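> here are the coordinates; sequence isn't available:
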């Protein structure tokens, strides 16, 4: 069987590896524009800050690793067209026939039409090349002030990196608080306060209208000119769907797939940032665009091609980040988004400590758990705290993935030890808070 | 309504507080032998080591806190007898009438009949007084060598404390590896190796037969005399059931209760270390004897007395500890115990890193997940690692509590960020390992 993958990012690379594990004899070919296989886009801000030393360090495996597993790499190669009749991919280096095709075309940074956005000193932070360009610009020009456009994960992680490098940083966000798709205003405020204490400023509810100077020397925020020698555009990503559209596949904001990750053509799959999957809370189509989702999609597609009954479940988009030592974990729907979607929710919120009072070193932690009023189910959470947020958001996410209710959370059996966690965990208290509102 | 609690430990104190929250007018009385209310027995080793400064620091709330909530405290008081006909508790300070009685009599350290065990310098580590005695003995005698009898949680945490104070420590355990009820030999070995690197020695499969000298100057381990100026007996605890037996209640190793924590007399409840509950894996009666279980039992009993439909679910005994920076988390059944119980299991085990390779500072972590062959359910886990073990054992425990299978673990949606966790989490890999053995 000839299995061809278009895209050498997280989804494509992992797909190739899973496929090889499941089928020793399949002919697997990866067609990729970049010269390397999978690297972690989430790691890029940490390359900017210098925590990860060299851009190349984020490449997970060298090309030889894939070749040793008899995966054919056609890198530096562009897929131009898919001929579904003849079952071939047309590339700038010739035609590649397939029995099963996997689209792992990923996403690209969305750049809004700001005047002057093409000028020197204005960057996105999506690829290894972006990070190389930013690092050499910083080395050369030694910018003192940075403006970040967009307060999503990449924007804030970029802001942290610039601040760590000694720059004055302003984050400009069109919505009224940071991480607007992942946090409500109350939890976002906790993050904002922490970042402000580390010298990052914020402007909300305004747009950047113009980049001034070339190389950039200021940014117009509303009517105000803010001096800045470096600008990061972090206003989200868009799925790469051109090839799929051209091939006549069903496409919405992403490529539409079923629970086996098959597109409207059952011999063509789509995985990763380019695929539109199902939101576990709303049941609607959504772009997950997380590395973890990409890997799980790759696994399910490989298994399905190998003849197994694998299905990809609706996503909660469980995510975590760390900003100046503060951990932020989220999944599911926010209170604000639920209101807009007309979903009535019951919220349990608790601010406690990560350790019992009698043990030194506990840090504040806020747990906000969101339950659907109609069926009592846990549909989202936002946790902001000084440590061990990953474990708490994962515990709640795992419960949500298994259909847990406020009662399950309130009576959850938790693990306690003085150096590690309190006897009654903040997540259980948040569950209890919500449960009382249900009764 | 007159609600009387016998026992002022974790279970009794929390019960009184929950009861007050649920019923503003109930007459609540706590009868306790000790002069204070709840403190954390798990915190005691950290008082020995000096991490927690004063023994009194582990007292959660001062007595006045309870009194302000109109909870009558009869401390320094011994309950002698329960007259269930007349519904009174007979104490050494008079009779106390009740409508509902809650037994929270706790447990005591079990001291095996070792020759000379009553000598000076031989301690248990179960109460505030124990810790005061140990601290003043250490201050006075400055012991250089300690022998710990028993390699359970308290034994190992005691060993760590002594080692941190500069003593040479030998742990003697009758079974063939440490933490024998919570870990299998393979995971126990990881802990042993770490502790040995911090100067703690082990002898397995032998008993301590005699304490030599008074104050102690050596311990006979098998035929060998091992010099030691301090001995800690940490061979487990026994439920305090004398009062319940005398009252004619059904008692096994602990006081037998139903899912509402009612004893064989529906007006008498039992909660905490003295109560025998149901093991979630075997379905058999078990003593949970964890602080977290005590608190949840207290809550359920209070709710049931207040007229709510609360039930206490079977326990997985999720537990965590930290020894020399290594975290150990467990729940459910071990492979060894499953074998003895005739339960066929499928194991998934994976040794990975707590962070992605490209991010500095990742630490080794071993995840062993145990599934029941008959129905595929997750029935136990053992996790040993350098960080973030709490979150992983809690995630798996939460999944087990919701009846998850190997498939649920293998396809679990996890949260990823380079400074915090890998894209494919070790717990998901362990699930995948097990899943392959099922197929």
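Noted; the coordinates are in hand. All of these numbers come straight from a predicted model, not from anything done at the bench.

> Name the helix or strand for whichever residue of chain A sits closest to chain B, please.
With CB to the nearest CB as the measure, the residue in chain A that lies nearest chain B is residue A:391; the distance is 1.8 Å. Quick note: C-beta positions are derived from backbone N, CA and C, even for glycine. Assigned by DSSP states H and E, residue A:391 belongs to helix A:389-401.

> any idea how far residue A:396 lies from residue A:171?
Counting by CB to CB, to the nearest Å, the gap from residue A:396 to residue A:171 is 28 Å.

> what ranges do the helices span in chain A?
Counting by DSSP state H, the segments of chain A that form helices are A:10-22, A:44-49, A:63-68, A:128-141, A:153-164, A:185-197, A:242-246, A:291-305, A:335-340, A:389-401, A:406-410, A:426-438.

> looking only at pLDDT, what's the mean for the longest one?
Going back to what we said before, that points to helix A:291-305. Along helix A:291-305, the predicted local confidence has a mean pLDDT of 97.

> what angle do it and helix A:10-22 make?
Angular relation of helix A:291-305 and helix A:10-22 on a 0 to 180 degree scale: 40 degrees, by axes from the mean of the first three to the mean of the last three CA atoms, to 10 degrees.

> Counting by contacts, list what helix A:291-305 packs against.
Based on contacts counted as 3 or more CB pairs under 8 Å, 6 or more residues apart in numbering or on different chains; DSSP states H and E, the elements that helix A:291-305 packs against are helix A:10-22, strand A:100-103, strand A:268-270, strand A:275-278.

> so which of the ones you listed comes closest to residue A:176?
Checking those against residue A:176 by CB to CB gives strand A:275-278 as the closest, at 27.5 Å.

> Check which helices and strands that closest one sits against.
strand A:255-256, strand A:285-287, helix A:291-305.

> Repeat the analysis, applying 6 Å as the threshold.
The contact analysis (3 or more CB pairs under 6 Å, 6 or more residues apart in numbering or on different chains; DSSP states H and E) places strand A:275-278 against no helix or strand.

> so what strands line up beside that strand?
As defined by DSSP bridges, the strand partners of strand A:275-278 come to strand A:255-256 (parallel), strand A:285-287 (antiparallel).

> could you give the mean pLDDT of the shortest one?
With pLDDT averaged residue by residue, strand A:255-256 scores 98.

> So which residues make contact with that strand?
When contacts are defined by CB atoms under 6 Å, 6 or more residues apart in numbering or on different chains, strand A:255-256 is touched by residues A:241, A:244, A:250, A:263, A:270, A:274-276.

> mind putting the helices of chain A in JSON lines, mean neighbour count and distance to residue B:348 included?
Compiled in JSON lines, the helices of chain A are given as follows (neighbours: other CB atoms under 10 Å in any protein chain shown; distance: least, CB to CB, whole Å):
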{"stretch": "helix A:10-22", "mean neighbour count": "24", "distance to residue B:348": "16"}
{"stretch": "helix A:44-49", "mean neighbour count": "24", "distance to residue B:348": "31"}
{"stretch": "helix A:63-68", "mean neighbour count": "14", "distance to residue B:348": "24"}
{"stretch": "helix A:128-141", "mean neighbour count": "16", "distance to residue B:348": "34"}
{"stretch": "helix A:153-164", "mean neighbour count": "25", "distance to residue B:348": "31"}
{"stretch": "helix A:185-197", "mean neighbour count": "18", "distance to residue B:348": "35"}
{"stretch": "helix A:242-246", "mean neighbour count": "16", "distance to residue B:348": "36"}
{"stretch": "helix A:291-305", "mean neighbour count": "26", "distance to residue B:348": "16"}
{"stretch": "helix A:335-340", "mean neighbour count": "17", "distance to residue B:348": "36"}
{"stretch": "helix A:389-401", "mean neighbour count": "28", "distance to residue B:348": "16"}
{"stretch": "helix A:406-410", "mean neighbour count": "23", "distance to residue B:348": "24"}
{"stretch": "helix A:426-438", "mean neighbour count": "21", "distance to residue B:348": "25"}
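
> Of all these, which one is nearest residue A:354?
With CB to CB, the closest approach to residue A:354 among those belongs to helix A:426-438: 7.9 Å.

> could you check the angle helix B:389-401 makes with the closest one?
Helix A:426-438 runs at 40 degrees relative to helix B:389-401, counting by the same axes, to 10 degrees.

> do helix A:426-438 and chain B meet at all?
No - for helix A:426-438, no contact with chain B is found by CB under 6 Å from any CB of the partner chain; the gap never falls below 8.6 Å.

> Could you list every helix and strand in contact with that helix?
For helix A:426-438, the helices and strands in contact under the criterion 3+ CB pairs under 6 Å, 6+ apart are strand A:345-353, strand A:364-372, helix A:406-410.

> Of those, which stretch is the most buried?
Using mean count of other CB atoms under 10 Å in any protein chain shown, the stretch among the helices and strands packed on helix A:426-438 with the greatest mean number of neighbours is strand A:364-372 (a mean of 25).

> and for it, what are the contacting residues?
In contact with strand A:364-372 (CB under 6 Å, 6+ apart) are residues A:187, A:190, A:345-351, A:354, A:378-385, A:406, A:426-427, A:430, A:434.

> Just the buried ones out of the contacts of strand A:255-256, please.
Buried positions within the contacts of strand A:255-256, assessed by neighbour count (16 or more other CB atoms under 10 Å in any protein chain shown), are A:241, A:244, A:263, A:270, A:274-276.

> Return the member of those nearest to residue A:134.
Comparing the buried ones among the contacts of strand A:255-256 against residue A:134 with CB to CB places residue A:274 closest, at 25.0 Å.

> shouldn't the closest one be in contact with residue A:243?
No - counting by CB atoms under 6 Å, residue A:274 stays clear of residue A:243, with 8.9 Å between them.

> Residues that sit against both of these two, list them.
Overlap between the contact sets of residue A:274 and residue A:243, as judged by CB under 6 Å, 6+ apart, is given by residue A:105.
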